[in-house]
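# predicted structure and sequence below. I'll ask about it afterward.
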Amino acid sequence: MDRYINAPISDEDAKQLRAGDCVYLTGTIYTARDAAHKRMYETLKEGGELPLNLQGETIYYMGPSPAREGRPIGSAGPTTSSRMDKYTPDFLDRGLKGMIGKGKRSEEVKAAIVKNRAVYFAAVGGAGALLSRSIKSSRIVAYEDLGTEAVRKLQVENFPAIVVIDSLGNDLYQKVLENSAKE
């Protein structure tokens with residue numbers, strides 16, 4: 001089912017999404033990859049404050065290429081989500097509502113998604129140039145020294161993604177594997 005939702009994602013929207021839904025996000029999302037996740041996690045463990053309030057937010061696991069003239073961002077394809085898995089349960093417990101990336105998630109992340117009524121989306125790998133068309137603005141908000149891995153605030157319009165793990169723990173990848181095993 002196609003769904004059009006606003007970001008930050010409301011609890012109600014997260015609750016209604018189901019694995020396999022095609023979603024078009026409009027609003028504010030943030031980018032953060034490995035280095036930014038590590039730094040945020042270490043900041044929290046040291047008792048510091050994060051550079052953004054995670055409550056209700058969505059993080060896109062992406063590090064863009066340089067923007068071409070007249071564009072807010074360069075190619076903006078997803079990176080492998082499992083590299084963020086060791087940090088994700090803690091971030092979900094702090095209010096993170098959505099994640100966008102590619103690939104499978106650990107059982108610990110799946111459990112944290114259910115516990116926190118969050119959602120994991122996949123964006124199509126290899127389609128970074130196409131995905132960048134949905135990004136209307138990009139601004140670094142933290143860790144500029146990390147270059148492409150800096151935390152960015154993005155304004156998106158109809159950013160396409162697919163629900164992979166919904167708030168009930170339904171996993172699209174697992175469902176596809178089970179269905180193909182039956183054939």
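Cool, the structure landed.
# Met99 versus the nearest residue to Thr88 once chain neighbours are set aside, what's the distance?
Nearest in space to Thr88, with sequence neighbours left out and distances taken as Cβ to Cβ, 6 or more residues apart in numbering, is Val109 at 4.9 Å. All C-beta spots, glycine's among them, are computed from the backbone N, C-alpha and C. Distance, Val109 to Met99, by Cβ to Cβ, to the nearest Å: 9 Å.
# so what sits against both of these two?
Thr88, Tyr120 (Cβ atoms under 8 Å, 6 or more residues apart in numbering).
# ranges for the helices of this protein?
11-16, 34-45, 88-93, 107-116, 128-132, 172-182 (DSSP state H).
# which one of those helices lies nearest to Thr26?
helix 11-16 (11.7 Å; Cβ to Cβ).
# show me which positions of that closest one end up buried.
Asp13, Ala14 (16 or more other Cβ atoms under 10 Å).
# can you give the contact residues for it?
Contacts of helix 11-16 (Cβ under 8 Å, 6+ apart): Arg3, Ile5, Asn6, Gly56, Lys97, Gly98, Arg117, Ala118, Val119, Ser167.
# now the last one: phi and psi?
This means Ser167. phi -70, psi -10 (degrees, to the nearest 10).
# residues in contact with the closest residue to Met99 other than its chain neighbours?
Nearest residue to Met99 in three dimensions, chain neighbours excluded: Tyr120, at 5.1 Å (Cβ to Cβ, 6+ apart). Tyr120 sits next to Ser81, Gly98, Met99, Gly101, Arg105, Val109, Ile113, Val163, Val164, Ile165 when contact means Cβ under 8 Å, 6+ apart.
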